[in-house]
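Q: could you look at this predicted model? Sequence included:
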Amino acid sequence: MTDTPQDPRRRHSASVVDGPGKAASRSMLRAVGFTDEDFRKPQVGIASTWSNLTPCNSHINVLAESASDGADAAGGKGVIFNTITISDGIANGTEGMKYSLVSREVIADSIETVAGCEGFDGLVAIGGCDKNMPGCLMGLARLDRPSVFVYGGTILPGKGHTDIVSVFEAMGAHSRGDIDLIELKQIEETAIPGPGSCGGMYTANTMASAIEALGMSLPGSSAQNAVSREKHDDCHAAGEAVLALLEHNIRPSHIMTRQAFENAITVVIALGGSTNAVLHLVAMASTIGVELSLDDFTTIGKRVPVLADLRPSGHYMMSELVAIGGIQPMMKMLLDAGMLHGDCLTVTGRTLAENLAGVAPYDEGQQIIAPLDRPVKPESHLRMLYGNLAPEGAVAKITGKEGTRFSGSARVFSSEEEAQARINDGTVIAGDVVVIRYEGPKGGPGMREMLTPTSAIMGRGLGSEVALITDGRFSGGSHGFVVGHVSPEAFDGGPLALVEDGDTITIDAVADTIEVALSDDELKRRRAAWKQPAPRYTRGVLAKYAKSVSSASTGAVTDLLE
């Protein structure tokens, strides 16, 4: 193969395949289908999170093929490679759930590793389950090559307007004796009808929406059904879009700016999105080098209302939002009200305002997205709490339906399993503040989601009578009076490690405080007697994660090595 003038779109692949000295590289690639013509094209890596272990990702293999076809049609050479996924819905409530947040880092690491090694000029990343989205974005951010993210799409509702959270709450109802095994099995068999991510405004749909608002997905990508012509078209268009980005050298660092992250936060709040968005957006910002903190969610939350009546706290599912036009009309409404930065660049090569210019409003009579003058909640549901229990902050999702203040007696557990057993057997009663500690990023390790205990509390009819606080996380499907991400975590000697049964804990989502009624002297006395527990894992990926992970308040990332 002879040398040709350098194509500026081939900033990375040229060093892998050009010239006589790269004959061995070309020989390897010929064996997987490359031709002489392909070696002169920009290479577009298609990062697929396909797996048949979860409905969130079981269809992504064919979506990856559509993205590759799109890259080929635009004059590039698509190369599909896989990264991992795990299923929160399967692992929740088990030791295996400790790998969930870890998977975000593995996904980012693997995308960076493959693309960095193979010299891809641009990338499309396709994600389905919760950690796929931030993991993909963090990998793309590290590489900073022209890239587009594609959401795999939402699942359709199950029989009787059910979804995965319906199953978790049915488990709680069964333990209370409200439904029998036959009713539980009927819900189990029909709640998950096919491919797609969990159907409410849980973490997957929250993060997909945030990424579209961030500008890293094509318009409409976040609000499409997993099994649809629109989703295949979205993937094909994403492959094409990378070639246009390569032409103009538009990279994630040009798109993922401070103002773009503010747009993402605004949309998450308006949709009533998951608390996990706080953790993931802080991590994504850290990766691209943008300053973002918990306090930014508070500042933005004071001027942005909750508009969406979506599960888990509301009624509707994502597929029903898809049917009325997705999030684009809502974003246009927010832009016109001055709540979004319209001049932010997006993966279309145009600004957010240009993308939204022709978007029509929702049809009159729809009940899913409220008007700005009659919001579901006038301020954010995501509350960043501080106090003597959380000097570095904690994250609560308070819609107002559960009230805005809770004071009760601590009932302390050192693992999710301990708490779950005591909720199921009736030990946890009205007026309790359930404390689940040593479940943070290091202590767990892995910062498990507490969907099983929160669902059990709801299923037992205690949703408005019991609060739950933890240094772990919550599923986007969790609701009730819940506070997570308590920092510093108990394993690091945070105040949560010092709480004892019977201590009075007060959560105030108006003053944004979380306090235990103990004097500074008493906290000092308990701290002097406290000993750090032995690590739960000493070898393997969980041990490595525990050694390198940062605090939840900084996104629980693993590459802050200074």
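A: Cool, the structure landed.

Q: and the gap between Ala24 and Gly119?
A: Distance, Ala24 to Gly119, using Cβ to Cβ, to the nearest Å: 14 Å. Where you see a C-beta, it was placed from the backbone N, CA and C, and this is true even at glycine.

Q: swap in Ala353?
A: With Cβ to Cβ as the criterion, Ala353 and Gly119 are 35 Å apart.

Q: what do you get for Tyr438?
A: 43 Å.

Q: and Gly199, its phi and psi?
A: In terms of degrees, to the nearest 10, the main-chain angles of Gly199 are phi -80, psi -10.

Q: which parts of the chain are strands?
A: 43-48, 77-82, 122-127, 147-151, 382-387, 390-397, 405-413, 432-436, 467-470, 481-487, 504-508, 513-516 (DSSP state E).

Q: highest mean neighbour count out of those?
A: strand 147-151 (a mean of 32; mean count of other Cβ atoms under 10 Å).

Q: which other helices and strands contact that strand?
A: strand 122-127, helix 132-143, helix 203-214, helix 229-248 (3 or more Cβ pairs under 8 Å, 6 or more residues apart in numbering; DSSP states H and E).

Q: thought Leu29 was touching Val17?
A: Yes - the criterion here is Cβ atoms under 8 Å, and Leu29 meets it with Val17 at 6.9 Å.

Q: now for the two: what residues contact both?
A: Phe39 (Cβ atoms under 8 Å, 6 or more residues apart in numbering).

Q: out of the helices and strands packed on strand 147-151, nearest to Val359?
A: Val359 lies closest to helix 203-214 among the helices and strands packed on strand 147-151, at 12.6 Å (Cβ to Cβ).

Q: chain center to that closest one, what's the gap?
A: Offset of helix 203-214 from its chain centre (Cα atoms, centre = their mean, to the nearest Å): 7 Å.

Q: sorry, back to before: would CSV of the helices and strands packed on strand 147-151 with mean pLDDT and distance to Thr266 be doable?
A: Output for those, formatted as CSV (pLDDT from 0 to 100; distance: least, Cβ to Cβ, whole Å):
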stretch, mean pLDDT, distance to Thr266
strand 122-127, 98, 22
helix 132-143, 98, 18
helix 203-214, 98, 7
helix 229-248, 98, 23
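
Q: turn these into JSON lines, including distance to Val434.
A: As requested, these are exported to JSON lines (distance: least, Cβ to Cβ, whole Å):
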{"stretch": "strand 122-127", "distance to Val434": "32"}
{"stretch": "helix 132-143", "distance to Val434": "27"}
{"stretch": "helix 203-214", "distance to Val434": "21"}
{"stretch": "helix 229-248", "distance to Val434": "40"}
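
Q: and Thr257, which of those is closest to it?
A: Per Cβ to Cβ, nearest to Thr257 of these: helix 203-214, 9.2 Å.

Q: now the angle from that closest one to helix 132-143?
A: In terms of direction (axes from the mean of the first three to the mean of the last three Cα atoms, to 10 degrees), helix 203-214 departs from helix 132-143 by 40 degrees.

Q: what packs against helix 203-214?
A: The helices and strands touching helix 203-214, judged by 3+ Cβ pairs under 8 Å, 6+ apart, are helix 132-143, strand 147-151, helix 258-270, helix 276-288.

Q: how long is stretch 474-490 from one end to the other?
A: 17 Å (Cα to Cα, to the nearest Å).

Q: so for Tyr438 and Gly119, which sits in the more crowded spot?
A: Using other Cβ atoms under 10 Å, the more surrounded residue of Tyr438 and Gly119 is Tyr438, with 23 against 18.

Q: quick check, the more buried one in contact with Gly444.
A: Yes - counting by Cβ under 8 Å, Tyr438 does reach Gly444; the two are 7.2 Å apart.

Q: residues of stretch 516-534 that come out buried?
A: Buried residues in stretch 516-534, counted by 16 or more other Cβ atoms under 10 Å: 516, 518, 523.

Q: quick one: end-to-end length of it, please.
A: 26 Å.

Q: so which residues make contact with it?
A: 388-389, 410, 414, 438, 443, 491-493, 495, 497-500, 503-506.

Q: can you say which of the helices and strands packed on helix 203-214 is nearest to Leu101?
A: Comparing the helices and strands packed on helix 203-214 by Cβ to Cβ, helix 276-288 comes nearest, at 8.1 Å.

Q: many thanks, I have nothing further to ask.
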